[in-house]
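A.B. asks: Sequence first, predicted coordinates after that:
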Amino acid sequence: MNVNRKVGNGFEKSLCEYLSNKGFWAHNLAQNAQGQPFDVLASRNRETHPIDCKVCENDVFRLSRIEENQRSAMTLWEATGNGTGWFALRLKDGDVYFISLYTLNNLAAKGVKQLNERDIRMMCISLDAWVSLCK
């Protein structure tokens, strides 16, 4: 297993554990040969959200890292009456921020190619704030 995958898998596992401790049913989807469109399903109070975890090694998130199968699956997920699709971005210092696919699509439509640490901290919501939104 390469280092990037190991770091990513650790992030997915720790996010599931954190969310479980906050009253969510959280499931880390197993990696498989075909891949899956997101890493985690988190459910609480009759709303289930797909979450894709991205480690931002240099505190930069390139929007090109969003795969087309993620975009289409998260869009269909929400269109069929489920919760919003989210990306969980982990910075070098371990802070985690959430940003919706909807917001990322809007940024991409405006020509934004990447988010730096300042953008992430200003435009995204912290993990704890996201948990609070999911009442």
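C.D. replies: That came through fine. Computed from a prediction, not measured in an experiment: that's the story for all the values here. Residues are numbered from 1 along each chain as shown.

A.B. asks: the strands in the chain, which residues?
C.D. replies: 25-28, 40-44, 47-55, 60-62, 86-90, 96-100, 114-116, 125-126 (DSSP state E).

A.B. asks: With respect to burial, which of the ones you listed scores highest?
C.D. replies: The highest average neighbour count among the strands of the chain, using mean count of other Cβ atoms under 10 Å, belongs to strand 86-90 at a mean of 25. Every C-beta, even on glycine, is put in place using the N, C-alpha and C of the backbone.

A.B. asks: got any ranges where this protein has weak pLDDT?
C.D. replies: Across the chain, the ranges flagged by pLDDT under 70 are 1-8, 30-35.

A.B. asks: Give me the most central residue, it.
C.D. replies: Nearest to the mean C-alpha position of the chain, by Cα atoms, centre = their mean, lies residue 87 at 2.2 Å.
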